[in-house]
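Novice: just to be clear, the model below is a prediction. Sequence and coordinates:
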Amino acid sequence: MTDLSGIHNELKFYITAPHDCSYLGDRLAVTLFADPERKLDATTISTLHEMGFRRSGCLFYTPRCPECRACIPTRIAVNEFRPDRSQRRNLKLNSDLEIRVIEPRFSDAHIDLYRRYVRARHPGDSMDVEEREQIERFFVCDWAEIQLMEFLKDGRTIAVSVIDLLHSGLSAVYTFFDPDEARRAPGVFAVQCMIEEAKRRHLPYLYLGYLIHKCPKMAYKSRYQPLQEFHTGSWLNLKK
């Protein structure tokens, strides 16, 4: 159970009714979220992440399922991370890419890239939408500090990562990429680049979101070691 006593006492929290789980199809989920009408300051946003919350648009949420603890908040202590052999190969394979960190303004190329990615990788998912306004609503929040990490090959954008800037680190919100470039494993490269960006900013952690061992699309986080996991109110450094 997450202790919310460290959050400003004027911030209200709400809990949903049980609903179908997006990750484990045989289970019901319950979600706790911070007051969606409240504009949060940078300190509160950082504290929520440190308590296992995630951001989607302007909504900060965390699972609060009474009979399931499958969603484990994770983060990487960036100065302790050492790439394994596969991750080193990934760095070499993508060494021809240009990397830029830019303001969170989505170009037409970004929107088209997102649409292609979701159609190819997650068709029918809740994020499989067409309208620019809907897509931007997933990622942008006027009062959160957000940047984009853009990956380019010969001037063409092949991947984009949405990143939150926190007091204690960076948060990897979402990465999407050109399905035709899947052989590069752009998601793996993006995580390694975000680790380096956190180091460059002298920030200790990269927050990766929820590890779900029984869900392949969420289990990849265990490949980044040593990985810290949030259990019963504390971050634990669990080496695999």
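Specialist: Right, received. Where do you want to start?
Novice: lowest-scoring secondary structure element of the protein by mean pLDDT?
Specialist: Ranked by mean pLDDT, DSSP states H and E, the helix or strand of the chain with the weakest confidence is helix 216-219, at a mean of 86.
Novice: where along this structure do the strands fall?
Specialist: Assigned by DSSP state E, the strands in the chain fall at 13-15, 19-20, 28-29, 31-34, 54-56, 59-63, 72-77, 98-102, 146-153, 156-165, 169-177, 205-211, 227-231, 234-238.
Novice: adding mean pLDDT, mean neighbour count and distance to residue 109, write these out as a markdown table.
Specialist: (C-beta placed from N, C-alpha, C; glycine too.) Listed next are those as a markdown table, based on pLDDT from 0 to 100; neighbours: other CB atoms under 10 Å; distance: least, CB to CB, whole Å:
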| stretch | mean pLDDT | mean neighbour count | distance to residue 109 |
| --- | --- | --- | --- |
| strand 13-15 | 96 | 11 | 37 |
| strand 19-20 | 92 | 10 | 34 |
| strand 28-29 | 94 | 16 | 34 |
| strand 31-34 | 96 | 19 | 32 |
| strand 54-56 | 96 | 20 | 23 |
| strand 59-63 | 96 | 20 | 27 |
| strand 72-77 | 97 | 22 | 29 |
| strand 98-102 | 98 | 13 | 12 |
| strand 146-153 | 98 | 18 | 10 |
| strand 156-165 | 98 | 21 | 5 |
| strand 169-177 | 97 | 23 | 12 |
| strand 205-211 | 97 | 22 | 25 |
| strand 227-231 | 95 | 18 | 33 |
| strand 234-238 | 88 | 12 | 37 |
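Novice: do you know which of those lies nearest residue 123?
Specialist: Minimum separation from residue 123 across those (CB to CB) falls at strand 169-177, 13.7 Å.
Novice: which residues are contacting the closest one?
Specialist: Among residues not part of strand 169-177, those counted as contacts by CB atoms under 8 Å, 6 or more residues apart in numbering are 49, 54-55, 75, 78, 113-114, 117-118, 138-139, 146, 151, 158-164, 186-187, 190-191, 194, 197-198, 201, 203-209.
Novice: do stretch 74-89 as well
Specialist: Identification of contacts with stretch 74-89 by CB under 8 Å, 6+ apart yields 90-91, 169, 188, 192, 195-196, 198-199, 203-211, 221, 223-230, 235, 237.
Novice: again, 7 Å this time
Specialist: Stretch 74-89 is contacted from outside by 91, 169, 188, 192, 195, 198-199, 204-209, 211, 221, 224, 226-229, 235, using CB atoms under 7 Å, 6 or more residues apart in numbering.
Novice: buried residues in that stretch?
Specialist: Using 16 or more other CB atoms under 10 Å as the test for burial, stretch 74-89 gives 74-78, 81, 83, 87.
Novice: closest one of those residues to residue 103?
Specialist: residue 78 (22.9 Å).
Novice: can you pull the phi/psi pair for that closest one?
Specialist: phi -60, psi -30 (degrees, to the nearest 10).
Novice: pLDDT at it, what is it?
Specialist: Residue 78 carries a pLDDT value of 97.
Novice: was I right to think residue 45 contacts residue 144?
Specialist: Yes: judged on CB atoms under 7 Å, residue 45 makes contact with residue 144 at a distance of 6.1 Å.
Novice: need the residues touching each of those two.
Specialist: Common neighbours of residue 45 and residue 144, using CB under 7 Å, 6+ apart, do not exist here.
Novice: okay, the residue nearest to the spatial centre of the chain and residue 180: tell me how far apart.
Specialist: What sits nearest the mean C-alpha location of the chain, by CA atoms, centre = their mean, is residue 173, with 2.8 Å. Taking CB to CB, to the nearest Å as the criterion, residue 173 is separated from residue 180 by 23 Å.
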